[in-house]
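# Here's a sequence, model it:
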Amino acid sequence: MKKKIVPILAAVILIIIVAGIGIVSSLVEKYTPTEERVDVSYYLGLENNDDLAIILQDEVIEDKGKIIDGIAYIQYTTVKEYLNERFYWDEKENVMIYTTPTDIINISVGSNEYYVSKNKNSENYTILKVDGAKVYLAVEFIRKYTDTDYEMFEGPNRLLLTKEWGDIQTTTVKKADCIRELGGIKSLIVADVEKGEKLTVLENLEDWTQVMTADGLIGYISNTKITAEKTEAIIKKSEYQEPVYTNISKDYTINLVWHQVTSQEANGEVLGMIADTKGITTLSPTWFSLSDNDGNISSLASSDYVTYAHQSNIEVWGLVDNFNEAVSTYGVLSSTTSRENLINQLISVAINYNLDGINIDFEEIDEGTGEAFIQFLRELSIKCRKNGIVLSVDNPVPAYTAHYNRTEQGIVADYVIIMGYDEHYSGDDEAGSVASLPYVIAGIEDTLAEVPKEKVINAVPFYSRLWKETTAEDGTVSLTSEALGMDYAASLLEQYGAERFWSEETSQYYSEFALADGLYKIWLEEETSIDAKAKLLKTYDLAGIASWKLGLENDNIWDVILKYVN
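Residues are numbered from 1 along each chain as shown. Below is the predicted model:
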């Protein structure tokens, strides 16, 4: 019996020993850090030997640069999105443009030369490279015009870019260790760190901290291996100074009115028209228009007109529009040659006719044209600045038009004008006010979020829109409208005996009347509604008021506006 028990006990003991070894091995495996290392090139998203990872502040961005002949290059699209939006690539003419407050800089593909205005300069490297559809700028050249520092590292190639200076949190390694791809000892090793090495703290977890090494590698380290955090300031190495954009700023509140001029003969009417006004500081006649895709303009300018205005102590800001449907606004503005031609013509007529300013009224700018439009304003502003010509730009209210880039307009232009009307417009599928007070207020507040108040002019309408609703036999309602001046709208209501009712919602009088051919509706612009809008000059401390257009107002409007202009 005893002989049978001994083998059984031995087997049990063996099983216990094996199990114990298994448990111990499992525990050892569980608590032993992995020595396996991550492929850093793969970790940084690099596929080729000449690829360049870009670490911006403390983030590896998706875009990759290139190392070409030992020089670091960044894609143009990356530069625009992350570093400096003032670089402009003309893919038609294969030229890169950069604008400062005083100069236009031209860079050709594959050259180490560039022009600052008409002065040739050179670098000891190729500034601009093109690889298929991708355009690359040398990092060193970018830094000439951009507030940024950078450091290059190899094995693998990476560029550490700094564009923001301020306080950061740092920590120090207590004892030689490593940073890992994720928090946990089983995560792959990204890089070794030495005792005393300083790390930038990115994120604190319960047991691990996300850090970045001085050479731009990002990973996690155990909290037991680092010292307490401390605050340090990033030291700026670059000597770059932001350029100063000087602007013309009037020492009075601007009271501008647009004058629609459709013929040379119409210029002769200006004396009679301004005689009926009060307190106008600025006339903006609609003299110029894009006439072809080469950037030429048509002109109705008149020297006598300017003389009459100046004799009345009124400035003249000639308006240029893009209303010619045969002309592609994108085609003109996206071409360096056409854009330069347009700018030269505008400056030429401004000088020849002794204009005080230029008013840009390019409407219905689509998203695809937005970048070219801003580049046009940058380049035009340089020549306006050099010649003492006021540059003003007309804009719709900001809703849905972020691509107009009002922030940049507020830097390069002297005045940014809000066209605070056409809330409901010709062809709209709903009858409504041209400019309700809430609509105007929203336009001003949204603009002020991007543009300094001393540059903002709010424009009001001198017209109302008369809506006509016609119901067909099948019940279908059709809607048409026409714009009416103040006096004509008032006489129409009197003619049909229509009553006016004050609308608190729009801060306007509303009226409607039925005729045999349909139901008519109108939200009136007159003294009370204009008063509510003009009052916003004081509420928001704006640079001025503008009005569309001369001749549509009634005799009392100028007294209303003068209450807030003087």
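# wait, isn't Gln57 in contact with Lys163?
Yes - counting by Cβ atoms under 8 Å, a contact exists between Gln57 and Lys163, whose distance comes to 7.1 Å. The C-beta positions use only the backbone N, C-alpha and C, and glycine is treated the same way.
# Identify the residues contacting the closest residue to Tyr510 other than its chain neighbours.
Leaving aside its chain neighbours, Tyr510 sits nearest to Ser503 (4.7 Å; criterion: Cβ to Cβ, 6 or more residues apart in numbering). Listed by Cβ atoms under 8 Å, 6 or more residues apart in numbering, the contact set of Ser503 reads 509-510, 523.
# run the last query once more with 10 Å
Residues in contact with Ser503, defined by Cβ atoms under 10 Å, 6 or more residues apart in numbering, are 433, 436-437, 509-510, 523-524, 529.
# Check Ile104 too.
Counting by Cβ under 10 Å, 6+ apart, Ile104 touches 88, 97-98, 115-118, 336, 340, 343, 375, 378-379, 382-383.
# Helices - which of those land there?
Among the contacts of Ile104, the subset assigned to helices under DSSP state H consists of 336, 340, 343, 375, 378-379, 382-383.
# Closest one of these to Ser426?
Distance to Ser426, by Cβ to Cβ, is smallest for Gln375 among the ones in helices among the contacts of Ile104, at 30.9 Å.
# Run a quick neighbour tally on the closest one.
Counted with other Cβ atoms under 10 Å, the neighbours of Gln375 add up to 24.
# Check Val270 too.
Neighbour count of Val270, defined by other Cβ under 10 Å: 23.
# follow-up on the earlier one: and the contacts of Ile104, which are buried?
For the contacts of Ile104, a neighbour count by 16 or more other Cβ atoms under 10 Å gives the buried set as 88, 97-98, 336, 343, 375, 378-379, 382-383.
# Throw the residues you listed into a markdown table and include distance to Gln241 and pLDDT, thanks.
What follows is the buried ones among the contacts of Ile104, written out as a markdown table (distance: Cβ to Cβ, whole Å; pLDDT from 0 to 100):
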| residue | distance to Gln241 | pLDDT |
| --- | --- | --- |
| Tyr88 | 22 | 98 |
| Ile97 | 21 | 98 |
| Tyr98 | 16 | 98 |
| Thr336 | 27 | 97 |
| Ile343 | 27 | 98 |
| Gln375 | 23 | 98 |
| Arg378 | 19 | 98 |
| Glu379 | 22 | 98 |
| Ile382 | 18 | 98 |
| Lys383 | 23 | 98 |
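# Sort out which one of these lies nearest Asn106 for me.
Asn106 has its nearest neighbour among those in Ile97, at 6.2 Å by Cβ to Cβ.
# was I right about that closest one contacting Glu379?
Yes - counting by Cβ atoms under 10 Å, Ile97 touches Glu379, with 7.7 Å between them.
# pretty sure Glu473 belongs to a strand, no?
No - note on Glu473: no strand contains this position according to DSSP: H, G, I helix; E, B strand; the rest coil, which reports coil.
# So for it, what pLDDT did the model give?
Per-residue confidence for Glu473 comes out at a pLDDT of 85.
# residues touching it, list them.
With Cβ under 10 Å, 6+ apart, Glu473 has no contacts at all.
# Please identify the nearest residue in space to the residue nearest the centre of the chain, excluding sequence neighbours.
The C-alpha lying nearest the average C-alpha coordinate of the chain belongs to Asn405 (Cα atoms, centre = their mean; 3.1 Å). Nearest residue to Asn405, sequence neighbours excluded (Cβ to Cβ, 6+ apart): Ile374, at 4.8 Å.
# next structured bit after the lowest-mean-pLDDT helix or strand in the chain?
Within the chain, no helix or strand scores below helix 2-31, which has a mean of 58 by mean pLDDT, DSSP states H and E. Past helix 2-31, heading to the C-terminal end, the next element that is a helix or strand (DSSP states H and E) is helix 40-43.
# That next one packs against which elements?
Counting contacts by 3 or more Cβ pairs under 10 Å, 6 or more residues apart in numbering; DSSP states H and E, helix 40-43 packs against strand 51-56, strand 189-193.
# Out of the ones you listed, which is closest to Leu542?
In this view, the helices and strands packed on helix 40-43 are compared for proximity to Leu542 by Cβ to Cβ, and strand 51-56 is the closest at 37.3 Å.
# Quick check: mean pLDDT of that closest one?
Summarised as a single mean, pLDDT over strand 51-56 is 98.
# which ones are touching Ser111?
Contacts here follow Cβ under 10 Å, 6+ apart; on that basis Ser111 touches 122-123, 126-128.
# Can you check the pLDDT for the residue nearest to Tyr510?
98.
# What of Lys236?
Here, the pLDDT recorded for Lys236 equals 89.
# Number of residues surrounding it?
Lys236 is flanked by 12 other residues according to other Cβ under 10 Å.
# residues contacting the closest residue to it other than its chain neighbours?
Counting by Cβ to Cβ, 6+ apart, Trp165 is the residue found nearest to Lys236 once chain neighbours are left out, at 5.0 Å. Residues in contact with Trp165 (Cβ under 10 Å, 6+ apart) are 147, 149, 233-236, 238.
# try 8 Å
Under the criterion of Cβ under 8 Å, 6+ apart, the contact list for Trp165 reads 233-236.
# Relative to Ile254, which of the residues you listed is nearest.
Lys236 (39.5 Å).
# now Ile441, what's its secondary structure?
Applying three-state DSSP to Ile441 yields a three-state assignment of helix.
# Go ahead and name everything in contact with stretch 202-220.
Defining contact as Cβ under 8 Å, 6+ apart, one finds that stretch 202-220 is touched by 40, 53, 55, 58, 60, 151, 153, 158-160, 171, 178-184, 187, 190-191, 193, 197-201, 221-223, 226.
# first vs last residue of that stretch, how far apart are they?
10 Å (Cα to Cα, to the nearest Å).
# Now find how far off-centre that stretch is within its chain.
Averaging C-alpha coordinates over stretch 202-220 and over its chain gives two centres that are 33 Å apart (Cα atoms, centre = their mean, to the nearest Å).
# Show me what counts as buried in that stretch.
Burial within stretch 202-220, assessed by neighbour count using 16+ other Cβ under 10 Å, is assigned to 202, 208-213, 216-220.
# Which single one of these is nearest to Trp558?
Leu202 (61.0 Å).
# tell me which element the closest one falls in.
strand 198-204.
# contacting residues around the residue nearest to Asn405?
Taking Cβ under 8 Å, 6+ apart as the contact definition, Ile374 lies against 404-405, 408-409.
# for Leu300, same thing?
261-264, 266-267, 285-288.
# which of those residues are buried?
Members of the contacts of Leu300 that pass the buried threshold by neighbour count (16+ other Cβ under 10 Å) are listed as 261, 266-267, 285-288.
# What is the nearest of the contacts of Ile104 to Trp548?
Once Cβ to Cβ is applied, the member of the contacts of Ile104 that ends up nearest Trp548 is Ile343, at 25.4 Å.
# Give me the pLDDT value at the nearest residue to that closest one once chain neighbours are set aside.
The shortest distance from Ile343 to any residue that is not its chain neighbour, by Cβ to Cβ, 6+ apart, is 5.0 Å, and that residue is Leu380. With respect to pLDDT, Leu380 has a value of 98.
# How about the contacts made by Leu380?
Applying Cβ under 8 Å, 6+ apart as the definition, the contact partners of Leu380 turn out to be 343, 346-347, 358, 360, 391.
# for Glu423, same thing?
Taking Cβ under 8 Å, 6+ apart, we find Glu423 in contact with 432-436, 439.
# show me where the stretch 251-400 of the chain has strands.
254-259, 282-285, 288-290, 297-299, 315-321, 357-361, 390-395 (DSSP state E, counting those that start in this stretch).
# Adding distance to Val477 as columns, could you present those strands in JSON lines?
As requested, the strands of the stretch 251-400 of the chain are exported to JSON lines (distance: least, Cβ to Cβ, whole Å):
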{"stretch": "strand 254-259", "distance to Val477": "34"}
{"stretch": "strand 282-285", "distance to Val477": "38"}
{"stretch": "strand 288-290", "distance to Val477": "36"}
{"stretch": "strand 297-299", "distance to Val477": "40"}
{"stretch": "strand 315-321", "distance to Val477": "34"}
{"stretch": "strand 357-361", "distance to Val477": "34"}
{"stretch": "strand 390-395", "distance to Val477": "33"}
